[in-house]
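In: sequence first, predicted model second:
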Amino acid sequence: MATETGFSKEDIKYMKAALKQAEKALAIGEVPIGAVIVENGRIIGRGYNRRNTDHTTLAHAEITAIRKANKKVGDWRLEGCTLYVTLEPCQMCAGALVQSRIDRVVIGAPSYKSGCGGTLLNILQNEEFNHQVEMETGVMQEECTAILQRFFKELRQRNKMRKKAAAQVAAPGAYDAHSSAAAAQAPAPDTGNAPAPDAAGQSSFD
């Protein structure tokens, strides 16, 4: 049954579950992206972004959810399943989803940096491949966008505080262009395929 938003209650329910996974990423300082895989009304795989935490390129939310779902069903194929993800999959994750033979992918917010569910490329539905994925976009887009904006706002604030602290500890007159550049290079989370905020403080997908 469709809601007033035009999306089914089931799609909204499971996107909320994906957002809960994104909150876990936010809690550990990662770009907040979450995903769940559903089969016959049951979540069989969950994942959230842990790329910086685990020091691996592969620790995207979708890849983790796929791996857990594969283990649950005892097969590499995920036919009859749907993946819900808060941010449009990148090229790696979109390719993995096609390879998994998953039936359907439901996307929250678009990714203008590396979205491969139709924004930059449409790997999920490329007719040259031996499998195409049914796709639904824009489910709870406002909420999925908001959590990313929250992350980038907090990241900007932390970076500003680092620079201010570096300036305060510098000896009088020693805070030259060199030390300013060094402070600006303080470590910050790798934002991966998430949209970066622009000069106005808004994310690029606004």
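Out: Thanks, I have it.
In: which parts of the protein are strands?
Out: Counting by DSSP state E, the chain forms strands over residues 34-39, 42-48, 81-87, 104-109, 134-137, given from the N-terminal end onward.
In: so which residue is dead centre in this protein?
Out: Nearest to the mean C-alpha position of the chain, counting by Cα atoms, centre = their mean, stands Ile33 at 3.1 Å.
In: list the contacts of that residue.
Out: The neighbourhood of Ile33, defined by Cβ atoms under 8 Å, 6 or more residues apart in numbering, consists of Ala22, Ala25, Tyr48, Asn49, His60, Ala61, Val85, Thr86, Leu87, Ala194. All C-beta atoms are positioned from the backbone trio N, CA, C, and that covers glycine.
In: the longest helix seen in the chain to strand 104-109, inter-axis angle?
Out: Scanning the chain for the helix with the most residues, using DSSP state H, yields helix 141-169. Computed with axes from the mean of the first three to the mean of the last three Cα atoms, to 10 degrees, the direction of helix 141-169 lies at 50 degrees from that of strand 104-109.
In: which helices and strands does helix 141-169 pack with?
Out: Identification of packing neighbours for helix 141-169 by 3 or more Cβ pairs under 8 Å, 6 or more residues apart in numbering; DSSP states H and E yields helix 9-27, strand 81-87, strand 104-109, helix 177-184.
In: please repeat the previous calculation with a cut-off of 7 Å.
Out: In terms of contact count using 3 or more Cβ pairs under 7 Å, 6 or more residues apart in numbering; DSSP states H and E, helix 141-169 is assigned the packing partners helix 9-27, strand 104-109, helix 177-184.
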